[in-house]
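Engineer: mind looking at a prediction? Sequence and model below.
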Amino acid sequence: MASDRTKRSRRVAVIGAGAAGLVAARELRREGHVVTVLEQSGGVGGVWRFDARTEADALGLDEQRPPESRVHSSMYKQLRTNLPREIMSYSDFPFDAAVLGPRYSNDSRRFCGHQEVLGYLEAFADYYQLKPLVRHHTRVVAVEPTAPGAGAEGAAATGAGGMGGDAGAVEKEVLWSVTSERLASNGQASTSADAGGASNGHSNGLAEVQHEVYDAVVVCNGHYAEPRLPDPSQVRGLLPPGLFPGQQLHSHNYREPTQWAGKAVLVVGASNSGEDVSRELSEGGAARVLLAARSWKNEAWGADAAPYGPRNNIYRYPMVTELHSDGFASFEGGQREGPIDAVIWCTGYKYSFPFLRGAAAEVAAVSDNCVGSPLWLHMVPPGPLAPGLCFIGLPWKVVPFPQMELQSKLIARLLSGRVPLPSVERMRADISAHLHSMQEQGLPTRYTHMQGTDQFAYNDTLAAMCGPDVAPLPAWREVLYQATSALKRSRPEDYRDGDIGEAGGPEAARAVEAAEA
Ligand code: FAD
């Protein structure tokens with residue numbers, strides 16, 4: 001491990017000012033790097049910035065749809081967290097209403113509303129003075145490696161070179177060309193006239209475009225904005241839209257239940273969003289909610305199953321296989337139900353990095369929801385571009401904030417050289433071991449970044465790699481996570497208002513005490 005005297009300071013562009021980008025900025029700056037956060041919206045918090053707008057392309061079918069027609073946040077109006085706030089927090093910044101105070105907090109529930117999470121992230125950004133690092137209304141449109149020396153004079157940040165270190169070595173490494181567009185506050189690309197003239201950018205007649213060169217790029221653009229649908233070959237009639245006469249949308253474009261009062265709605269997918277949306281629809285007055293999922297096995301279906309939900313009108317179904325032109329739907333096993341007024345696809349999201357170009361696009365190509373082939377530790381493409389291009393926040397089915405913090409600490413240290421980057425062979429061997437373990441468990445490629453209970457060993461690995469100054473996350477976090485999962489399974493309708501300590505037994509009760517201490 002390099003000493004503090006040989007650490008190198010890098011000019012780093014962080015893409016996105018959500019939970020990942022904010023903690024990345026803090027850790028990179030702590031390590032001595034010069035950080036610029038490029039954020040397309042007017043504030044910090046990412047997906048937690050509720051946006052009442054929805055997209056005209058309600059299924060997100062056109063992946064090339066223009067950025068100005070997109071809405072980033074997928075939050076619905078009444079969303080409450082699906083994790084207890086104690087474990088959602090970063091390791092050293094408690095998510096505690098009393099600690100945050102009235103400026104940032106007005107909802108002390110353990111499973112609080114989305115506004116409270118935004119308050120937490122705002123408080124974090126203010127406390128660590130991260131907001132001055134963020135350049136708002138700036139959308140990154142192209143990122144690609146560039147030859148050392150090319151355009152380096154145009155670098156936005158200063159301070160490259162090092163803290164008594166080997167600036168010469170930095171010069172030999174790949175540099176990163178980052179092109180961004182300055183946006184008007186309505187999300188449209190602004191013209192040079194709007195911006196009052198470009199500084200080190202230029203106007204292409206439409207948008208003010210800025211070209212910069214950095215030593216490294218940390219991608220924190222989130223992965224809950226690009227809808228994923230089932231393969232149309234497995235659900236006949238899903239496409240083209242309009243064949244099925246009812247309304248169809250992805251949960252990315254669901255905000256509240258009012259418009260479906262009195263209607264029959266089919267919700268597809270029964271993980272967090274599907275469960276939440278079906279309950280909201282039931283409570284909001286939908287006549288009948290059919291909740292279809294692939295994951296349910298050996299259960300009674302449809303009219304044979306006991307309905308449940310706030311108005312006792314949610315019915316479970318196996319996976320939908322066909323949407324018919326008469327408004328009916330067919331399900332695995334052959335049942336046909338209808339007429340159905342609307343289908344809400346709660347079928348998850350795709351990773352998307354539309355700004356990566358050239359070799360960067362190649363090493364992080366997305367195939368079957370797997371990024372790269374895949375990335376080392378879900379963060380770094382092994383090879384000559386490492387660690388100058390890296391990704392934070394890709395794993396799913398995890399507790400994201402504290403994991404993103406550990407990822408950020410490791411990235412910051414790899415970039416400074418305090419933690420040496422393993423050889424490409426070693427990274428590839430780690431990747432092979434991960435793929436082998438997936439194969440043994442029979443997991444398809446699309447689960448490459450899914451962690452579940454594996455997240456805790458992964459987090460410990462990250463902490464250990466960082467070195468002795470980074471403590472592993474305390475055990476109570478895992479205990480509370482497991483107790484919450486158990487409570488969710490046994491009381492899906494009201495787990496958020498249950499007592500995790502009581503329901504999870506003595507170990508969970510002790511974990512709640514530790515969390516509150
Ligand atoms: P984001 O929050 O999406 O931030 C990405 C940022 O990048 C955004 O600000 C975006 O504007 C910006 N950006 C994107 N592209 C560009 C570009 N080209 N140029 C410039 N800026 C760009 N997590 C929990 O811990 N608990 C929960 O209860 C929970 N519930 C959730 C419920 C829903 C419906 C969803 C969708 C997610 C939920 N999550 C929850 C997960 C949540 O996504 C993470 O907690 C976390 O906020 C993700 O942070 P991020 O920074 O990776 O991404």
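Structural biologist: That came through fine.
Engineer: who in the stretch 301-450 of the chain is up against the ligand?
Structural biologist: 355, 393, 399-401 (Cβ under 6 Å from any ligand atom). All C-beta spots, glycine's among them, are computed from the backbone N, C-alpha and C.
Engineer: farthest pair within those residues?
Structural biologist: F355 and V399 (27.6 Å; Cβ to Cβ).
Engineer: returning to what we had before: need the residues of the stretch 301-450 of the chain next to the ligand in JSON lines with pLDDT, can you?
Structural biologist: Listed next are these as JSON lines, based on pLDDT from 0 to 100:
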{"residue": "F355", "pLDDT": "97"}
{"residue": "G393", "pLDDT": "98"}
{"residue": "V399", "pLDDT": "98"}
{"residue": "P400", "pLDDT": "98"}
{"residue": "F401", "pLDDT": "98"}
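Engineer: between the residues you listed, which has the most around it?
Structural biologist: Each of those was scored for neighbours by other Cβ atoms under 10 Å, and G393 scores highest at 28 neighbours.
Engineer: quick check: that one touching C220?
Structural biologist: Yes. Using Cβ atoms under 8 Å, G393 makes contact with C220 at a distance of 6.1 Å.
Engineer: and for these two, which residues touch both?
Structural biologist: Common contact partners of G393 and C220 (Cβ atoms under 8 Å, 6 or more residues apart in numbering): 18, 20, 404.
Engineer: identify the residues contacting the closest residue to the ligand within the stretch 251-400 of the chain.
Structural biologist: The minimum distance from the stretch 251-400 of the chain to the ligand, using Cβ to the nearest ligand atom, falls at G393 (3.5 Å). Contacts were defined as Cβ under 8 Å, 6+ apart; by that measure G393 touches 18-20, 220, 222-223, 400, 403-404, 407.
Engineer: can you list which of the residues of the stretch 301-450 of the chain next to the ligand are found in helices?
Structural biologist: 400-401 (DSSP state H).
Engineer: below-threshold pLDDT in the stretch 251-400 of the chain: ranges please.
Structural biologist: Counting by pLDDT under 70, the stretch 251-400 of the chain contains low-confidence ranges at 296-304.
Engineer: can you check the chain too?
Structural biologist: In the chain, residues with pLDDT under 70: 1-5, 148-172, 186-207, 296-304.
Engineer: what does it have sitting close to the ligand?
Structural biologist: Residues of the chain lying close to the ligand (Cβ under 6 Å from any ligand atom) are 15-21, 38-41, 46-48, 72, 74-75, 79, 81-83, 88, 139-140, 220-222, 224, 273, 355, 393, 399-401.
Engineer: in helices, which of those fall?
Structural biologist: 19-21, 88, 273, 400-401.
Engineer: which element is S180 on?
Structural biologist: Taking DSSP states H and E as the definition, S180 sits inside strand 175-182.
Engineer: what does V289 give?
Structural biologist: Assigned by DSSP H and E, V289 falls in strand 288-292.
Engineer: tell me what the very next helix or strand once past that strand is packed against?
Structural biologist: Per DSSP H and E, the first helix or strand lying C-terminal to strand 288-292 is strand 314-317. Under the contact criterion of 3 or more Cβ pairs under 8 Å, 6 or more residues apart in numbering; DSSP states H and E, strand 314-317 touches helix 272-283, strand 288-292.
Engineer: now those as TSV including distance to M379?
Structural biologist: Shown next, in TSV, are the helices and strands packed on strand 314-317 (distance: least, Cβ to Cβ, whole Å):
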stretch	distance to M379
helix 272-283	24
strand 288-292	35
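Engineer: can you say which of those is packed in most?
Structural biologist: Mean neighbour count (mean count of other Cβ atoms under 10 Å) peaks for strand 288-292 among those, with a mean of 25.
Engineer: packing partners of it?
Structural biologist: Using 3+ Cβ pairs under 8 Å, 6+ apart: strand 288-292 touches strand 264-268, helix 272-283, strand 314-317.
Engineer: report the buried residues of the first one.
Structural biologist: In terms of neighbour count (16 or more other Cβ atoms under 10 Å), strand 264-268 has its buried residues at 264-268.
Engineer: and it, which strands flank it?
Structural biologist: strand 288-292 (parallel), strand 342-345 (parallel) (DSSP bridges).
Engineer: what is the orientation angle of it with helix 272-283?
Structural biologist: Note on geometry: by axes from the mean of the first three to the mean of the last three Cα atoms, to 10 degrees, strand 264-268 and helix 272-283 are set 170 degrees apart in direction.
Engineer: chain center to strand 264-268: distance?
Structural biologist: Strand 264-268 has its C-alpha centroid displaced from the chain centroid by 25 Å (Cα atoms, centre = their mean, to the nearest Å).
Engineer: what of the last one?
Structural biologist: Relative to the mean C-alpha coordinate of its chain, strand 314-317 is positioned 29 Å out (Cα atoms, centre = their mean).
Engineer: could you do the longest one as well?
Structural biologist: On the basis of Cα atoms, centre = their mean, helix 272-283 sits 21 Å off its chain's mean C-alpha point.
Engineer: hey, where'd the strands end up in the stretch 301-450 of the chain?
Structural biologist: Using DSSP state E, counting those that start in this stretch, the strands found in the stretch 301-450 of the chain span residues 314-317, 320-323, 329-331, 336-337, 342-345, 366-367, 370-371, 389-391.
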